[in-house]
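Trainee: this is the structure alone, sequence omitted:
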Ligand code: HEM
């Protein structure tokens, strides 16, 4: 705590010096006129004094940060990295999504599954230990709380589940689960996803090369906006809205500098646009709730009916948050599945066989049922393995609410914890040959303690079942209708969110068979 205080004071001191320096330079002329002193002497005095103070402080910083942290507390062992920035750059260095990157790999081999480092001037404990990670997620709001950067709130909106706690959180979460997990929604939604997948696949018939990422983004966005704000894909505003969501998402992972043309200021502008559309739709629903047809039986209407006291701002934030959560994670999961299946023809073949044989259709108009979907055993294994190997959300950030003791370590109040999901997914003591895409491992294995793609504890993903169903339905239509191959080299990169730098360009070959 004392060192944190020292660090805080130091930052304030440096800030004051720099602000003071700027003011002093600006005022040199003024003081020379007022005092009659030589302006050159005056202008040298301040920088000299500043340089002396900075030199003294730099020595102090190396004293404060230069040592390994084992000596001063019972924090897990680890390297603090560079003064002030700590390991920030190493931690966020882009690396293939199916690996841990050099930094994490090295730290885990040096210090074990729980280690500490520094990130933006703060202590950061990183854990690949499934027991500790479960302990952290299951003690949310008791010993730990969500620790997202403050600018996330400005883009996503504060009336969003990740920023809520206590009773308000519990009420909103059970409301959200009531919508996403109701059997009625899931079965009706299954038919809608099938219809949409058919539409997309048909539109590909005239194309030979597609940018899979872009196509998937359009597909999942149209599904999300229809379910959540009742907009149909032919609505001209949908594409504008999708682009705004992409701009807003880009702002989450940049330095939050609100200067003209920075990604952050573009994200804030995009957020305002999104908010204005969602608010307009919500107000319209409020005025006409009794006249709404089935199509518009969306999340907005659900909130209005089931929680009449909810403010318009909270409805809009919750709705916007759901689209964020639904869109980017599901889209990248399917892109990853396409990439992995494309590299493993044996798994693609087996998946195709399962889709063809296991599900018997009496006539060509038969639709996939919830039971069919649940019986697609190999497909479920492909999804599990994609979520393990692709590491869509590499880590979850939490903060200790009080001093926390675990396995002999003490993490003081305010320590940032990263439960590293990717490190658990790529752990060779839990998964044999973890660096190989092997869906068959899931046929022989009960769910692993190390597998947590949807998080855990109270904050477990509200849309996990819907996401799995969407992925399965899309894959089924894709695999039965098309073969595909990469046009040029591309691979998933952790940046820190997972992306395909070239957008996953693929050549598609229709198989000449129609999905029932
Ligand atoms: C494969 C796709 C998906 C993955 C990998 C995924 C993963 C996750 C993870 C790891 C969390 C926990 C975050 C934390 O603890 O800090 C989470 C939370 C959440 N997810 Fe998902 N998600 C996916 C799809 C979806 C979909 C389709 C929806 C909505 C329909 C959704 C809605 C949510 C919501 C609302 C939360 C916040 C829960 C809370 O704070 O209590 N997710 N998701």
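Mentor: Perfect, thanks for sending it. Predicted, not measured: the structure shown is a model, and the values here were computed from it.
Trainee: measure the nearest residue to residue 298 once chain neighbours are set aside to residue 282 for me?
Mentor: Excluding its sequence neighbours, the residue lying closest to residue 298 (CB to CB, 6 or more residues apart in numbering) is residue 230, at 4.0 Å. Glycine gets a C-beta too; all of them are placed from N, C-alpha and C. Distance of residue 230 to residue 282, given as CB to CB, to the nearest Å: 10 Å.
Trainee: try residue 503
Mentor: Distance, residue 503 to residue 282, using CB to CB: 33 Å.
Trainee: repeat that for residue 380.
Mentor: 36 Å.
Trainee: these two: which is more packed in?
Mentor: A side-by-side neighbour count of residue 380 and residue 282, using other CB atoms under 10 Å, places residue 282 first with 22 against 19.
Trainee: can you list residues touching both of residue 230 and residue 282?
Mentor: By CB atoms under 8 Å, 6 or more residues apart in numbering, residue 230 and residue 282 have these common neighbours: residue 300.
Trainee: could you tell me which residues of the chain lie near the ligand?
Mentor: When proximity is defined as CB under 6 Å from any ligand atom, the chain approaches the ligand at 146, 161-162, 173, 176, 180, 322, 325-326, 329-330, 333, 392-393, 396, 453-455, 459, 461-463, 466-467.
Trainee: buried members of those residues into PyMOL, please.
Mentor: Those of the residues of the chain next to the ligand that count as buried under 16 or more other CB atoms under 10 Å are selected in PyMOL with:
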select buried, resi 146+161+173+176+180+322+325+326+329+330+333+392+393+396+453+454+455+459+461+462+463+466+467
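Trainee: if you look at the residues of the chain next to the ligand, which of them are in strands?
Mentor: Secondary structure defined by DSSP state E assigns 146, 396 of those to strands.
Trainee: assumed residue 478 was part of a helix.
Mentor: Yes - under DSSP: H, G, I helix; E, B strand; the rest coil, residue 478 sits within a helix.
Trainee: that one reaches residue 201, doesn't it?
Mentor: Yes - using CB atoms under 8 Å, residue 478 makes contact with residue 201 at a distance of 7.0 Å.
Trainee: among the two, which residue is more densely surrounded?
Mentor: The neighbour count for residue 478 versus residue 201, taken as other CB under 10 Å, is higher for residue 478 (24 against 21).
Trainee: and the residue nearest to residue 483 when sequence neighbours are not counted, what element?
Mentor: Sequence neighbours aside, residue 509 is the residue nearest to residue 483 in space, at 4.5 Å (criterion: CB to CB, 6+ apart). Per DSSP states H and E, residue 509 falls inside strand 505-510.
Trainee: how far off centre is that strand?
Mentor: 28 Å (CA atoms, centre = their mean, to the nearest Å).
Trainee: over to stretch 304-324?
Mentor: Relative to its chain's centre, stretch 304-324 lies at 21 Å (CA atoms, centre = their mean).
Trainee: return the nearest residue of the stretch 401-516 of the chain with respect to the ligand.
Mentor: At 2.1 Å from the ligand, residue 463 is the closest residue in the stretch 401-516 of the chain, using CB to the nearest ligand atom.
Trainee: repeat that for the stretch 101-250 of the chain.
Mentor: residue 161 (3.8 Å).
Trainee: please report how far that residue lies from residue 325.
Mentor: Per CB to CB, residue 161 is found 8 Å from residue 325.
Trainee: what of residue 79?
Mentor: For residue 79, the distance to residue 325 (CB to CB) stands at 34 Å.
Trainee: again with residue 454
Mentor: Residue 454 sits 11 Å away from residue 325, going by CB to CB.
Trainee: common neighbours of these two, please.
Mentor: By CB under 8 Å, 6+ apart, the residues touching both residue 454 and residue 325 are residue 461.
Trainee: so where is the stretch 1-150 of the chain shaky, pLDDT-wise?
Mentor: Scanning the stretch 1-150 of the chain with the threshold set as pLDDT under 70 gives 1-73.
Trainee: tell me where it has strands.
Mentor: Remark: strands assigned in the stretch 1-150 of the chain by DSSP state E, counting those that start in this stretch are 95-96, 114-119, 122-127, 144-146.
Trainee: for these, which one sits closest to residue 435?
Mentor: Smallest distance to residue 435 across the strands of the stretch 1-150 of the chain (CB to CB): 10.0 Å, for strand 95-96.
Trainee: strand partners (parallel or antiparallel) of the closest one?
Mentor: If you go by DSSP bridges, strand 95-96 pairs up with strand 493-494 (antiparallel).
Trainee: C-terminal to the partner strand, what's the next element?
Mentor: On the C-terminal side of strand 493-494, the closest following helix or strand by DSSP H and E is strand 498-499.
Trainee: mind listing the strands that next one pairs with, and their directions?
Mentor: Next to strand 498-499 in the sheet, as set by DSSP bridges, lie strand 493-494 (antiparallel).
Trainee: ok, residues contacting the helix or strand harbouring residue 353?
Mentor: If you go by DSSP H and E, residue 353 is part of helix 345-357. Helix 345-357 is contacted by residues 340-342, 376-379, 382, 437, 439-440, 475-476, 479-480 when judged by CB under 8 Å, 6+ apart.
Trainee: show me what counts as buried in it.
Mentor: Burial within helix 345-357, assessed by neighbour count using 16+ other CB under 10 Å, is assigned to 347-348, 350-352, 354-355.
Trainee: now flag whichever of those residues is closest to residue 431.
Mentor: Comparing these against residue 431 with CB to CB picks out residue 347 as the nearest, at 16.1 Å.
Trainee: read off the pLDDT value for the closest one.
Mentor: Note on residue 347: pLDDT of 98.
Trainee: remind me which helix or strand residue 247 belongs to.
Mentor: Assigned by DSSP H and E, residue 247 belongs to helix 237-252.
Trainee: other SSEs contacting that helix?
Mentor: helix 150-156, helix 212-229, helix 263-287, helix 312-343 (3 or more CB pairs under 8 Å, 6 or more residues apart in numbering; DSSP states H and E).
Trainee: can you check what angle separates the longest one from helix 212-229?
Mentor: Spelled out, that is helix 312-343. Calculated by axes from the mean of the first three to the mean of the last three CA atoms, to 10 degrees, helix 312-343 forms an angle of 150 degrees with helix 212-229.
Trainee: grab the nearest non-local neighbour of residue 351.
Mentor: Excluding the flanking residues, the one nearest residue 351 by CB to CB, 6+ apart is residue 479, at 5.4 Å.
Trainee: go on, residue 498?
Mentor: Distance criterion CB to CB, 6+ apart; nearest residue to residue 498, sequence neighbours excluded, is residue 97 at 4.8 Å.
Trainee: quick one, phi/psi of the residue most central in space within the chain?
Mentor: What sits nearest the mean C-alpha location of the chain, by CA atoms, centre = their mean, is residue 393, with 5.3 Å. Main-chain dihedrals, residue 393, degrees, to the nearest 10: phi -120, psi 100.
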